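Engineer: sequence and predicted structure below; questions after.
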Amino acid sequence: MKLGEWLGRRVPPVPSAFRPWIARELSEAPDGREALTREAVALLERASEGEGARDEAFQLLVADALVTWACEAALQEEVPEVGLEELLRTLAE
């Protein structure tokens, strides 16, 4: 299942205001956890480079949602502990 389909099945659904922040490539990604984590890190980096405007605050909200979904995706993996460890390692870098 493509990540876009997985996100489309979310309950509650992905907020419509978040959709522009979710890269098109992310929708086509086959691996949920890794793609979600990469996109979250990218948004966190962009937000940290800003000047504290409302746009950066919204990027932080979207990054938070992506990390939460990455955790959920990791929990669906065969060995959830490994996926969660990798996610935390990536975020800590």
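Structural biologist: Noted; the coordinates are in hand.
Engineer: residue nearest the centroid of this protein?
Structural biologist: Nearest to the geometric centre of the chain sits Leu66, at 2.3 Å (C-alpha atoms, centre = their mean).
Engineer: okay, and that one sits in which element?
Structural biologist: helix 54-75 (DSSP states H and E).
Engineer: give the contact list for the residue nearest to the centre of the chain.
Structural biologist: Listed by C-beta atoms under 8 Å, 6 or more residues apart in numbering, the contact partners of Leu66 are 22, 36-37, 39-40, 43. The way it works is simple: take the backbone N, C-alpha and C, and place the C-beta from them, glycine included.
Engineer: make it 10 Å
Structural biologist: Listed by C-beta atoms under 10 Å, 6 or more residues apart in numbering, the contact set of Leu66 reads 7, 18, 21-22, 26, 35-44.
Engineer: now Arg89
Structural biologist: By C-beta under 10 Å, 6+ apart, Arg89 lies in contact with Thr37.
Engineer: how deep is the residue nearest to Val62 when sequence neighbours are not counted tucked in, by neighbour count?
Structural biologist: Among residues not flanking Val62 along the chain, Trp21 sits closest, at 4.4 Å (C-beta to C-beta, 6 or more residues apart in numbering). The local packing of Trp21 (other C-beta atoms under 10 Å) involves 18 other residues.
Engineer: any idea how far Trp21 lies from Leu44?
Structural biologist: 12 Å (C-beta to C-beta, to the nearest Å).
Engineer: Leu87 contacts Ala74, correct?
Structural biologist: Yes: under the contact definition of C-beta atoms under 10 Å, Leu87 touches Ala74, with a separation of 5.7 Å.
Engineer: anything in contact with each of the two?
Structural biologist: Common neighbours of Leu87 and Ala74 (C-beta under 10 Å, 6+ apart) are 33-34, 36-37.
Engineer: would you format those residues as a markdown table with pLDDT, distance to Pro80 and secondary structure included?
Structural biologist: Below are the shared contacts of Leu87 and Ala74 laid out as a markdown table (pLDDT from 0 to 100; distance: C-beta to C-beta, whole Å; DSSP: H, G, I helix; E, B strand; the rest coil):
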| residue | pLDDT | distance to Pro80 | secondary structure |
| --- | --- | --- | --- |
| Arg33 | 90 | 10 | helix |
| Glu34 | 90 | 14 | helix |
| Leu36 | 90 | 15 | helix |
| Thr37 | 92 | 14 | helix |
